[in-house]
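Enquirer: When you get a sec, could you give me coordinates for this:
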Amino acid sequence: MFKIFALASTFSIVIPAIMLLRFKKRFDGYVGLCLFVGNSVFFEAIGLITSRLGIHNLPMFHAYTLVEFCIVSYFLFSIINLKEEQAFLFVSLLFIIYLIINPFVWEPLNTYNSISRSLESILLIGYSSLYFYKIYQEEKIEQLEKQPEFWCVAGIVIYLAMGLFTHLLADFILNADTEIETLMTSYSFVHASNIIKNLMIATGIWIANR
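Expert: Have a look, this model is predicted:
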């Protein structure tokens, strides 16, 4: 059951990927979203192949965290139009530097980077909240459910928030004498959040092309 759920999570990225290929209408954050979906397809494929071949793939998560942070930050900044853009770019640059040196100082490449994954989630959730604050402050959007970028941001926030707790507990779960059922149940939250995220992004793309 858990393996089927994990496979459903892995292949769920195909849905928004196909919709981006099928529908070409652009909307706010379109380029960033294409990069995000393309990056997800690439790393999901790498993860699936390495796991099938029994190849140690924990270093992949370090690279994924770095690339995902850069792309999601770009996507969010492109739809928020920050007034204090330099300050947020400075914070992002500092975090990128941290992600680059982290595997060589704090979390080795052969371990799961639970700290950096957790920090990335918290920071991107903070960036996402600026989008919702912008909507609240400007009061220009009457039908929020018809905004494709809203669905995409909401999906990403759910993905980050649900996965955050698993990332925070990852070291304890992986290093402790944990039963396989407990381990798989914990990561079911990550799989569920990934499926929800991909379906919501697909919904946003569909709404933009109605």
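
Enquirer: quick one: low-confidence ranges for this protein?
Expert: Within the chain, the set of residues satisfying pLDDT under 70 comprises 171-186.

Enquirer: show me what contacts residue 111?
Expert: Taking C-beta atoms under 8 Å, 6 or more residues apart in numbering, we find residue 111 in contact with residue 58. Where you see a C-beta, it was placed from the backbone N, CA and C, and this is true even at glycine.

Enquirer: Specify the local secondary structure of it.
Expert: coil (DSSP: H, G, I helix; E, B strand; the rest coil).

Enquirer: Can you give me the distance of it to residue 137?
Expert: With distances taken as C-beta to C-beta, to the nearest Å, residue 111 is found 42 Å from residue 137.

Enquirer: is it true that residue 99 touches residue 67?
Expert: No - taking contacts as C-beta atoms under 8 Å, residue 99 lies outside contact range of residue 67: 9.5 Å.

Enquirer: Please say which of the two ends up with more neighbours.
Expert: Between residue 99 and residue 67, residue 99 has the larger neighbour count (other C-beta atoms under 10 Å), namely 22 against 17.

Enquirer: Please report how far the closest residue in space to the more buried one that isn't next to it in sequence lies from residue 1.
Expert: Leaving aside its chain neighbours, residue 99 sits nearest to residue 66 (4.5 Å; criterion: C-beta to C-beta, 6 or more residues apart in numbering). According to C-beta to C-beta, residue 66 stands 33 Å off from residue 1.

Enquirer: swap in residue 13?
Expert: Note on residue 13: its distance to residue 1, by C-beta to C-beta, is 21 Å.

Enquirer: So which of these two has more stuff around it?
Expert: Set residue 13 next to residue 1 and count neighbours by other C-beta under 10 Å: residue 13 wins out with 25 against 7.

Enquirer: The closest residue in space to that one that isn't next to it in sequence: neighbour count?
Expert: Closest residue in space to residue 13, ignoring its immediate chain neighbours: residue 40 at 4.7 Å, by C-beta to C-beta, 6+ apart. Other residues near residue 40 come to 24 when the count uses other C-beta under 10 Å.

Enquirer: right, and the residue nearest to residue 99 touches residue 100 too?
Expert: Yes - contact criterion C-beta under 8 Å: residue 66 and residue 100 qualify, at 6.9 Å.

Enquirer: ok, these two, which is more surrounded?
Expert: Taking other C-beta under 10 Å, residue 66 and residue 100 do not tie; residue 66 has more neighbours (20 against 11).

Enquirer: Where does that one sit, in terms of helix or strand?
Expert: Per DSSP states H and E: residue 66 is located in helix 58-80.

Enquirer: Downstream of that helix, the next helix or strand is which one?
Expert: Downstream of helix 58-80, the next assigned helix or strand under DSSP H and E is helix 85-105.

Enquirer: Which elements pack onto the helix or strand that comes right after that next one?
Expert: Next in sequence after helix 85-105, counting helices and strands by DSSP H and E, comes helix 114-138. Judged by 3 or more C-beta pairs under 8 Å, 6 or more residues apart in numbering; DSSP states H and E, helix 114-138 is in contact with helix 58-80, helix 85-105, helix 148-175.
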